[in-house]
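Visitor: Next one to model:
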Amino acid sequence: MFVLAITGTIFIVVATLLIYTLVKFRATAAKANTEPAQVYGSTQIELAWTIIPALIVVVLTVATARVIHAIQDAPKPPGALEVVVIGHQFWWEYRYPTLGIVTANELHIPVSEPSGPRPTFLQLMSADTDHSFWIPQLAGKTDLIPNRINELWMDPDRPGVFFGQCAQYCGTQHAKMLLRVSVDDPDDFDAWVQAQRQAAAQDESAADGRRVFETTACINCHTVRGTAANGRFGPDLTHLMSRATIASGAAENTAENLRLWIENPDAIKPGSLMPAMKLSDSELDALVRYMQSLR
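Guide: Here you go, the predicted model:
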């Protein structure tokens, strides 16, 4: 608003002078053959149109620098939430170090109420190539660069689901490396945290699928807490069914899509790094039942 006030004033002054000049000195029949008075320089006018714009630029520069400093170096309030964001080809990993939670693709953060501000501070890192974290309604675009930690913070004042996109070309499936942020009411966020802290559900009716999961290459890439699976290359699946989507937002999290994703990942996300598991139909059905038990 400060910048708008200054630039608006400049616009009004310049437009007024232009209109006055056009009206005052417009061509008329009486002036058609009359040469206007010739002015060959004015030290006062030249000093004015040099010094005044220079002062305006200095004021705008100082105001801009002040705002940038306030945003980039904002102090962390005592109740701020810290999240580590790691970009992978082609999915997002979210770690909550103070809460002991690891999840993927769908970020949950609390709403920051005026009566009790609780902003979220993000540390942005890359596991492979350049990525970019961009949720237009919540924060500006910030890059994730290998061997460098960038930072970003968000202070949402209303609950809801907000969507974004990896904004830096990172490979074949860059366009389907989507972002989904759930801004939850304090009670809903606390309930989500408690659920995410639990170990994987033990559903005896899905025991066959668990055996398939633990005896194939699944455990080399994925983690399911409370089981032998402790992989780090793919998303943590401990609470897979608490997510609305799979494949970083590329498809809804349904039994049909899970089956297709395991059987033929390229059918949903061509060029993804998820391998086709080459399972029999019975093994595939059992594995999908087990995946659906991970809530």
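
Visitor: So which bits of stretch 123-141 are buried?
Guide: By neighbour count, and taking 16 or more other C-beta atoms under 10 Å as the criterion, the buried residues in stretch 123-141 are Gln123, Leu124, Met125, Ser126, Thr129, His131, Ser132, Phe133, Trp134, Ile135, Leu138, Ala139. All C-beta spots, glycine's among them, are computed from the backbone N, C-alpha and C.

Visitor: Check stretch 212-223 too.
Guide: Counting neighbours by 16+ other C-beta under 10 Å, one finds that the buried residues in stretch 212-223 are Val212, Phe213, Cys218, Ile219, Cys221, His222, Thr223.

Visitor: For it, output the C-alpha coordinates as CSV.
Guide: Extracted C-alpha coordinates of stretch 212-223, given in CSV (Å, rounded to 0.1, in the frame of the first residue of the first chain):
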residue,chain,number,x,y,z
VAL,A,212,3.9,-60.7,-0.3
PHE,A,213,5.1,-57.2,0.7
GLU,A,214,7.8,-58.5,3.0
THR,A,215,9.2,-61.1,0.6
THR,A,216,9.5,-58.9,-2.5
ALA,A,217,11.5,-55.9,-3.5
CYS,A,218,8.8,-53.6,-1.9
ILE,A,219,10.8,-53.5,1.4
ASN,A,220,13.9,-52.3,-0.5
CYS,A,221,12.2,-48.9,-1.2
HIS,A,222,9.4,-48.4,1.3
THR,A,223,9.0,-48.2,5.0
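
Visitor: need the strands for the protein, in chain order.
Guide: For the chain, applying DSSP state E gives strands covering 81-88, 91-96, 101-104, 106-110, 120-126, 131-134, 142-144, 150-154, 160-166, 178-184, 245-246, 251-252.

Visitor: In the sheet, which strands lie alongside the longest one, parallel or antiparallel?
Guide: It refers to strand 81-88. According to DSSP bridges, strand 81-88 forms sheet pairs with strand 91-96 (antiparallel), strand 120-126 (parallel).

Visitor: The longest one versus strand 150-154: what angle between them?
Guide: Looking back up the chat, that one is strand 120-126. Compare the direction of strand 120-126 with that of strand 150-154 by axes from the mean of the first three to the mean of the last three C-alpha atoms, to 10 degrees and you get 150 degrees.

Visitor: Same check on the shortest one?
Guide: Following the same axes, to 10 degrees, one obtains 70 degrees for the angle between strand 91-96 and strand 150-154.

Visitor: Average pLDDT for strand 91-96, rounded please.
Guide: pLDDT averaged over strand 91-96 equals 96, rounded to a whole number.

Visitor: that older thread, okay, the strands paired with strand 81-88 in TSV with distance to Thr28 next?
Guide: As requested, these are exported to TSV (distance: least, C-beta to C-beta, whole Å):
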stretch	distance to Thr28
strand 91-96	70
strand 120-126	66
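
Visitor: so where's the longest helix in this protein?
Guide: In the chain, ranked by residue count with DSSP state H as the criterion, the top helix is helix 43-72.

Visitor: I'd like to know which of the buried residues of stretch 212-223 are part of helices.
Guide: Among the buried residues of stretch 212-223, the members falling in helices (DSSP H) are Val212, Phe213, Cys218, Ile219, Cys221.

Visitor: Would you confirm that Ala276 contacts Asn264?
Guide: Yes: using C-beta atoms under 8 Å, Ala276 makes contact with Asn264 at a distance of 5.6 Å.

Visitor: Turn the strands of the chain into TSV, including distance to Tyr40.
Guide: Formatted as TSV, those follow (distance: least, C-beta to C-beta, whole Å):
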stretch	distance to Tyr40
strand 81-88	63
strand 91-96	66
strand 101-104	73
strand 106-110	66
strand 120-126	59
strand 131-134	55
strand 142-144	54
strand 150-154	56
strand 160-166	59
strand 178-184	62
strand 245-246	72
strand 251-252	74
